[in-house]
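In: fold the following and give me the result.
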Amino acid sequence: MKKTPLYENVIDQIRTLVLEKNYFPGHKLPSERELSKIFGVGRAAVREALSFLAMIGALEVRYSEGIFIKNIHHIDLMHRARKLIQFVESDDTEAIKQALLLMELLESEIIVAVAQKRTKENTSELKSILKNMEAKLFDSDEFSQSYLDFHLALAVINSNKVYELVMDALLISISDFIKKIATNSILIGNQACYSYLYNPNFKIYKSLDASNPEKQKSAVKEHYQVLTSCMDRIYLSSGDIAAGISSIEPEALCVGVITFEDIQLTARKFAGVMRAIEEATQRKCNWFFPSSYTSLIEAQLRGFVHISYYGPKSYLLAHDLSGGVIEAFACALWGSGPYRKKIKGYQSYLIVKAGNAYETIHDLKGKNLALTDPASTAGDLIPKAQLGEHLQMKISEYFGKIFYAGGHDAAALCVLEGKADAAVVADVTMDWAVDAKRYGPDDLKIIWKSKLIPLNCFAWRKDLSSNLRGKISQALININKTDFGKQYLKAVRSDSIVKSHHKDFDIIRKTLKSISKWE
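Out: Down below sits the predicted model:
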């Protein structure tokens, strides 16, 4: 913890003196010389403290008359802020919460004043800062700085020196915390960063146009509620996550799905699931489309996502990292297509471009192989374990180069575009790609198939209330009874959604335990 400047200690002593003597606005303080003796410090430190308190409007210096109390609230506010800052800088989570509460109280007053005082130039400055914030969604340093600039600009426009100084000091003290939120959000995906940091600030900006001060204060309150919520998630230990919250009923639900194809196609494909959950729970559902299972797991682990669609390996990772808070509850039974046969489960396919000379695995020795994602079952775990067992050697030693394409669709396209000689993908994703006309039913050749793998699953956070979970489960189990549900099942080549249980994935856990031999 940084050493406190001497004049700040004098400010604390002046505050104590004011409280003990029950001084009030207009009351005269002892002289500079007298205060120096009372506090046992040099006159220079007393002079600096008095000058600072006069600058922020807490004291009034009347020449030839003396020093008078002007605003006791300002003295107390500076004291409270400085004490909080000392603990915030040491990463004390309770202090961060208190700092956010103080900032909310101040900014609730500031925003009403700014709505009345702002000029065209002020509005343009705020808009420019927000524009830069939005442009820097993937840069945690730049994004965080824009965030701090926005809130300091509000305090400056307010033209209250003490509020400006306090907000400036508090913003500096929480800058690491804001960067942690940005970094976590960027890891999860730019949608999360947009939702949890940019959008609440944009709402504050838009509230300036409202003539109702309560709407302006409401926008500020919503923003700080989001920050507090993010803090609870970011500073959770694995044990805290496992303990969880016994029962929550969020106003809106977030559903996370990996973009097997592109975002628009995935959104259309899973639209029936979203509608089923919305109608059953009477809550709005928001999408979350991360680019990897790693990001999806992080998002649900931190509570940003309530329901996720996982492959078996990524589900087990999510379950274990959450201490069992994340739990499978349903899965869609996939049907058949041009590449896949109808079976209770699915398979990894080792594929090559049709028409080339590769006919067996042995033809691919020393060639380039595209996998999908490190957290993928069909695109990483299974090829390493089962192909390794088949070849009786690590695939990293068998193939010339192995790289991650980022997804099943991307891995198949690497083969078609000549970026890889072969790829390993999930069978159903190939049928989905044909449906999307990304490639044809005869463009790729299958030269190896894995053993049967448990189906992908929907997994919720168990800290959702039992009431909500019951409604969500029934909505998905009965999804084939609605027109929009039938459209979803048709889109994913499924017949129905059935209940899923954690024990269904035991075979994958056994594979995970033996994978070290083949990695």
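In: biggest strand in this protein, by residue count?
Out: strand 326-334 (DSSP state E).
In: can you point out the buried residues in the helix or strand just after it?
Out: Using DSSP states H and E, the helix or strand that directly follows strand 326-334 along the chain is strand 348-353. Using 16 or more other C-beta atoms under 10 Å as the burial criterion, the residues of strand 348-353 that qualify are Ser348, Tyr349, Leu350, Ile351, Val352, Lys353. All C-beta atoms are positioned from the backbone trio N, CA, C, and that covers glycine.
In: once you drop chain neighbours, what's closest to the last one?
Out: Using C-beta to C-beta, 6 or more residues apart in numbering and skipping residues adjacent in sequence, the residue nearest Lys353 is Val415, 5.4 Å away.
In: residues contacting that neighbour?
Out: Residues near Val415 by C-beta atoms under 8 Å, 6 or more residues apart in numbering: Ile351, Val352, Lys353, Ala370, Asp421, Ala422, Ala423, Leu444.
In: do the same with Arg47
Out: Arg47 touches Glu32, counting by C-beta under 8 Å, 6+ apart.
In: run the chain-centre distance for the host helix or strand of it.
Out: Here Arg47 sits within helix 43-55, counting by DSSP H and E. Relative to the chain's own centre, helix 43-55 is displaced by 44 Å; criterion: C-alpha atoms, centre = their mean, to the nearest Å.
In: can I get the CA coordinates of that helix in CSV?
Out: In CSV, the C-alpha atoms belonging to helix 43-55 read as follows (Å, rounded to 0.1, in the frame of the first residue of the first chain):
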residue,chain,number,x,y,z
ARG,A,43,2.9,24.5,9.0
ALA,A,44,3.7,23.6,5.4
ALA,A,45,1.6,20.4,5.7
VAL,A,46,-1.2,22.3,7.3
ARG,A,47,-1.1,25.0,4.7
GLU,A,48,-1.2,22.4,1.9
ALA,A,49,-4.2,20.7,3.5
LEU,A,50,-6.1,23.9,4.0
SER,A,51,-5.4,25.0,0.4
PHE,A,52,-6.7,21.7,-0.9
LEU,A,53,-9.9,21.9,1.2
ALA,A,54,-10.4,25.5,0.1
MET,A,55,-10.0,24.5,-3.6
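In: quick check: buried residues in that helix?
Out: In helix 43-55, counting by 16+ other C-beta under 10 Å, buried: Ala45, Val46, Glu48, Ala49, Leu50, Phe52, Leu53.
In: let's verify the closest residue to Ile111 other than its chain neighbours: helix, strand, or coil?
Out: What sits nearest to Ile111 in space, not counting adjacent residues and going by C-beta to C-beta, 6+ apart, is Gln216, at 4.5 Å. Following DSSP: H, G, I helix; E, B strand; the rest coil, we place Gln216 in the helix state.
In: report pLDDT for Gln216.
Out: pLDDT recorded at Gln216 is 91.
In: quick one, what contacts it?
Out: Ile111, Val112, Ala115, Ile204, Ser207, Leu208, Ala210.
In: my read: Trp287 touches Lys269, true?
Out: No - with contacts counted by C-beta atoms under 8 Å, Trp287 stays clear of Lys269, the gap being 11.7 Å.
In: ok, those two, which is more surrounded?
Out: Applying other C-beta atoms under 10 Å to Trp287 and Lys269 shows that Lys269 carries more neighbours, namely 20 against 16.
In: for Tyr309, see how far away that one is.
Out: The gap separating Lys269 from Tyr309 is 11 Å, by C-beta to C-beta, to the nearest Å.
In: state the helix or strand in which Trp448 lies.
Out: strand 444-449.
In: note down every partner strand of that strand and its orientation.
Out: Using DSSP bridges, strand 444-449 pairs in its sheet with strand 348-353 (antiparallel).
In: ok, the helix or strand that the strand it pairs with is followed by: who's next to it in the sheet?
Out: Next helix or strand after strand 348-353 toward the C-terminus (DSSP H and E): strand 368-371. Taking DSSP bridges as the criterion, strand 368-371 forms sheet pairs with strand 401-404 (parallel), strand 422-426 (parallel).
In: the closest residue to Ala155 other than its chain neighbours: neighbouring residues, count only.
Out: What sits nearest to Ala155 in space, not counting adjacent residues and going by C-beta to C-beta, 6+ apart, is Met167, at 4.0 Å. As a burial measure, Met167 scores 24 neighbours (other C-beta under 10 Å).
In: residue contacts, Met167?
Out: Contacts for Met167 (C-beta under 8 Å, 6+ apart) come out as Met103, Leu106, Glu107, Ile110, His151, Leu152, Leu154, Ala155.
In: run through who's touching the host helix or strand of the last one.
Out: With elements delineated by DSSP H and E, Ala155 resides in helix 140-158, which encompasses its position. Contacting residues not belonging to helix 140-158 are listed as 103, 106-107, 109-111, 113-114, 117-118, 122, 125-126, 129-130, 132-133, 136-137, 163-164, 167-168, 171-172, 175, 178-179, 182-183, 186, 193, 197, 201, 204-205 [C-beta under 8 Å, 6+ apart].
In: so after that helix, what's the next helix or strand?
Out: Counting by DSSP H and E, the next helix or strand C-terminal to helix 140-158 is helix 161-173.
In: CA atoms of the strand holding Trp448 as PDB?
Out: As requested, the backbone C-alpha atoms of strand 444-449 are provided in PDB (Å, rounded to 0.1, in the frame of the first residue of the first chain):
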ATOM      1  CA  LEU A 444     -15.500 -34.900 -49.000                       C
ATOM      2  CA  LYS A 445     -14.400 -38.500 -48.400                       C
ATOM      3  CA  ILE A 446     -14.500 -40.300 -45.100                       C
ATOM      4  CA  ILE A 447     -11.500 -42.500 -44.500                       C
ATOM      5  CA  TRP A 448     -11.900 -43.300 -40.700                       C
ATOM      6  CA  LYS A 449     -14.800 -43.200 -38.200                       C
END
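In: for it, the averaged confidence score.
Out: pLDDT averaged over strand 444-449 gives 95.
In: can you check stretch 293-301 too?
Out: 81.
In: stretch 323-343 now?
Out: 89.
In: endpoints of it, how far apart?
Out: Start-to-end span of stretch 323-343 (C-alpha to C-alpha, to the nearest Å) is 32 Å.
In: start at 38, not 1
Out: From this message on, residue numbering opens at 38, which makes the last subject stretch 360-380.
In: kindly report the domain assignment for the protein.
Out: Following automatic domain parsing, the chain resolves into domains at 43-107, 114-272, 289-372+492-554, 385-486.
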